[in-house]
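> predicted structure and sequence below. I'll ask about it afterward.
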Amino acid sequence: MEPSEILKDFGIDTDNCEIKPLGDGLINTTWIVKEISTGKDFVFQQINDNVFKIPENITSNIRLIDDYLKEKHHGYLFTSPIKALDGSDMIKSQEGGYFRLFGYIHESVTHNELEKPVQAYEAAKQFGKFTSLLSGINVSQLKTTIPDFHNLTLRYEQFTDSLKNATPERYENAREAIDFLEENKSIVDEYKQITQSKDFKLRVTHHDTKISNVLFDKDDKGLCVIDLDTIMPGYFISDVGDMMRTYLSPVSEEEKDFSKIEVRPDFFHAIVKGYMIEMKDELSEVEKRAIFYAGKFMIYMQAIRFIADYLNNDIYYGSRYEGQNLVRGLNQVTLLKRYLELEPQLLEVVAKESNGK
Ligand code: GN1
Ligand code: MG
């Protein structure tokens, strides 16, 4: 299906528009659309409905949050979809794909990597603010867009299953990572305790807090969060942990030279500080003590997901070159090792910020 066919349903002048791919997401397909006659820009997106099996759940959540924000926090910048000509939030194509359109926020900038701690601070503040502003929503009203998305217990079971299904060659290639992940299974046990603890609350959680999901202004001030598909009830460790996973190292999960992977304490400090500005009154004391764990949780889970996908012949993430998911998995294992090495130092940062000093 050509994107331009669907764009007509949104009233876009498709005879006079430019459509270009946008972003580097692994799951959905995104384009930027420039309508020549009006000069307007849009973000157009096809939802991956292998991953988001009921795309209506996404639109339902966004609608709920949009209505709530309009009523309680008018003026907060929230990127809800533009309605199609028939009034719907999303168009289903004849071939069965789901598409939606957003306005492009012109005064905004996105980053694919972080250059300075203040960007981590601003992003963490935005994700914290998002959850905090929505603390009045009853989370049971939110739909689950991907069941068990950050359920580490289940992810570990999927990893264990992948070990049984792997070809001997792939298993052997991944052995070092597998051993490390098995040795560190206590991270899964700690997650189980969290899910059983009354001190951990389910809140409106973004679940994909990478830096490119924050819009900044040209002076590096955070404007708002975007990519709202994985918003669903969750624990704060998902959002804080994914920031740690993706902001702490100067190189990304795609880096093949693992000697470049490091954990930058000043970026860790910035994440904790920015998040706590918005969330310190929301989080329980027990939750605050799990801030360091958040990083372990998310880095470990991503390592498991990449390695399991490698062992399952890349059925989820796909791969652009042979062994890409193995590289990503080993990269995350290295990141976790670097992170664990700094535990005493990072725990001190958490203690300092939690006491509001
Ligand atoms: C996927 O599509 P993208 O890049 O926003 C994945 C995240 C992973 C990430 C790893 C729905 O996110 O959970 O952390 O890849 N999203 C889904 O790069 O599986
Ligand atoms: Mg995403």
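Structure received. Ligands and ions are numbered 1, 2, ... in the order given.

> when you work out contacts or count neighbours from here on, use the C-alpha atoms and nothing else.
Fine.

> contacting residues around the residue nearest to the spatial centre of the chain?
With distances taken as Cα atoms, centre = their mean, residue 208 lies nearest the centre of the chain, 0.9 Å away. Residue 208 sits next to 227, 230, 239, 242 when contact means Cα atoms under 8 Å, 6 or more residues apart in numbering.

> with secondary structure and pLDDT added, can I get the residues you listed in JSON lines?
JSON lines is the format used below for those (DSSP: H, G, I helix; E, B strand; the rest coil; pLDDT from 0 to 100):
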{"residue": "227", "secondary structure": "coil", "pLDDT": "90"}
{"residue": "230", "secondary structure": "coil", "pLDDT": "96"}
{"residue": "239", "secondary structure": "helix", "pLDDT": "98"}
{"residue": "242", "secondary structure": "helix", "pLDDT": "98"}
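
> looking at the residues you listed, which is nearest residue 22?
Of all the contacts of residue 208, residue 227 has the smallest distance to residue 22: 12.8 Å, by Cα to Cα.

> pull the number of nearby residues for the closest residue to the closest one other than its chain neighbours.
Counting by Cα to Cα, 6 or more residues apart in numbering, residue 213 is the residue found nearest to residue 227 once chain neighbours are left out, at 6.0 Å. Residue crowding around residue 213 was assessed by other Cα atoms under 10 Å; the count is 19.

> what does residue 174 give?
Other residues near residue 174 come to 22 when the count uses other Cα under 10 Å.

> wait, doesn't it sit right on residue 306?
No. Residue 174 is beyond contact range of residue 306, at 10.6 Å (criterion: Cα atoms under 8 Å).

> quick check: neighbours shared by these two?
In contact with both residue 174 and residue 306: residue 326, using Cα under 8 Å, 6+ apart.

> residue of the stretch 151-300 of the chain nearest ligand 1, please.
residue 208 (6.2 Å; Cα to the nearest ligand atom).

> for that residue, phi and psi?
The phi/psi pair for residue 208 (degrees, to the nearest 10) reads phi -160, psi 70.

> over to residue 205?
phi -120, psi 140.

> hmm, it is touching residue 232, no?
Yes. Using Cα under 8 Å, residue 205 is in contact with residue 232, at 5.7 Å.

> so the closest residue to ligand 1 within the stretch 51-200 of the chain, which state does it fall into?
Closest approach of the stretch 51-200 of the chain to ligand 1 (Cα to the nearest ligand atom) occurs at residue 51, with a separation of 6.4 Å. The three-state assignment at residue 51 reads coil, by DSSP: H, G, I helix; E, B strand; the rest coil.
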